[in-house]
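Student: sequence unknown, structure follows:
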Ligand SMILES: [Zn+2]
């Protein structure tokens, strides 16, 4: 009797993952492109590679329906849609942390597909949307980088990121304001998308809202991500 109850609890606990056992679709990043007739920059927006950081994926979903560009191309990539569905950081099929698998000839199918998309489309800029568990201004001693923008060193960002921060912070109280993290550190063993872009000299920005476990309403985080996207596209003359 007790054994039966124990087994039932075990099966219920893993049931969501059993249903994912066959659909290898979970390994495929979901993506679409929005293009203009006029040539221009190509920008990749990548959302929710960590599935328990959903604001990026929802932001991209809104943009699919609402964004038109005057020139160039925007590639919208939901990096881990099954992870968003199951609220897991990892890809629930491969159980990999995709953002530790970005390197040349990666063995991780999803990371490899994302890199292929970036290279095939010769992207000029990458913006990568994540969510922290706290606020950098309050919790950075404990490692939270929530509410930060971390741009790569190219001068492109130096012109634009302080203005984005000002706009994001307009309606935020002091302890919840966004901050800039300028000094990206990458050694050869770090296999995040940030370090991959650094290695390949592609302008990149890591966006971290304060969002895990819904510490801010999802609407607010989507609004923050959308502000960032629109600011960059506007700066590039794409909208
Ligand atoms: Zn993340």
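Tutor: Yes, it's here. Nothing here was measured: the structure is a model prediction, and the numbers come from that model.

Student: SS state for the residue nearest the centre of the chain?
Tutor: The centroid of the chain falls nearest to residue 129 when counting by CA atoms, centre = their mean (2.7 Å). Put simply, residue 129 is strand when judged by DSSP: H, G, I helix; E, B strand; the rest coil.

Student: quick one, strands of the protein?
Tutor: 30-35, 42-47, 73-78, 125-132, 148-151, 179-180, 204-210 (DSSP state E).

Student: would you reformat those strands as JSON lines and include mean pLDDT and distance to residue 233?
Tutor: Yep, even glycine has a C-beta here, placed from its N, CA and C like the rest. What follows is the strands of the chain, written out as JSON lines (pLDDT from 0 to 100; distance: least, CB to CB, whole Å):
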{"stretch": "strand 30-35", "mean pLDDT": "96", "distance to residue 233": "10"}
{"stretch": "strand 42-47", "mean pLDDT": "98", "distance to residue 233": "7"}
{"stretch": "strand 73-78", "mean pLDDT": "98", "distance to residue 233": "7"}
{"stretch": "strand 125-132", "mean pLDDT": "98", "distance to residue 233": "10"}
{"stretch": "strand 148-151", "mean pLDDT": "96", "distance to residue 233": "16"}
{"stretch": "strand 179-180", "mean pLDDT": "96", "distance to residue 233": "20"}
{"stretch": "strand 204-210", "mean pLDDT": "97", "distance to residue 233": "13"}
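
Student: among those strands, which is nearest the ion?
Tutor: strand 125-132 (3.3 Å; CB to the ion).

Student: quick one: the helices in this structure?
Tutor: Here the chain has its helices, by DSSP state H, at 2-18, 55-66, 81-86, 109-120, 136-139, 155-169, 193-199, 218-235.

Student: would you mind giving the ones you listed as JSON lines with mean pLDDT, distance to the ion and mean neighbour count added?
Tutor: Output for the helices of the chain, formatted as JSON lines (pLDDT from 0 to 100; distance: least, CB to the ion, whole Å; neighbours: other CB atoms under 10 Å):
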{"stretch": "helix 2-18", "mean pLDDT": "47", "distance to the ion": "21", "mean neighbour count": "10"}
{"stretch": "helix 55-66", "mean pLDDT": "96", "distance to the ion": "9", "mean neighbour count": "20"}
{"stretch": "helix 81-86", "mean pLDDT": "94", "distance to the ion": "10", "mean neighbour count": "21"}
{"stretch": "helix 109-120", "mean pLDDT": "97", "distance to the ion": "14", "mean neighbour count": "18"}
{"stretch": "helix 136-139", "mean pLDDT": "87", "distance to the ion": "14", "mean neighbour count": "18"}
{"stretch": "helix 155-169", "mean pLDDT": "95", "distance to the ion": "18", "mean neighbour count": "15"}
{"stretch": "helix 193-199", "mean pLDDT": "94", "distance to the ion": "10", "mean neighbour count": "21"}
{"stretch": "helix 218-235", "mean pLDDT": "97", "distance to the ion": "13", "mean neighbour count": "19"}
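
Student: same list, these, but as JSON lines with distance to residue 94 please.
Tutor: Listed next are the helices of the chain as JSON lines, based on distance: least, CB to CB, whole Å:
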{"stretch": "helix 2-18", "distance to residue 94": "12"}
{"stretch": "helix 55-66", "distance to residue 94": "18"}
{"stretch": "helix 81-86", "distance to residue 94": "10"}
{"stretch": "helix 109-120", "distance to residue 94": "7"}
{"stretch": "helix 136-139", "distance to residue 94": "30"}
{"stretch": "helix 155-169", "distance to residue 94": "32"}
{"stretch": "helix 193-199", "distance to residue 94": "16"}
{"stretch": "helix 218-235", "distance to residue 94": "26"}
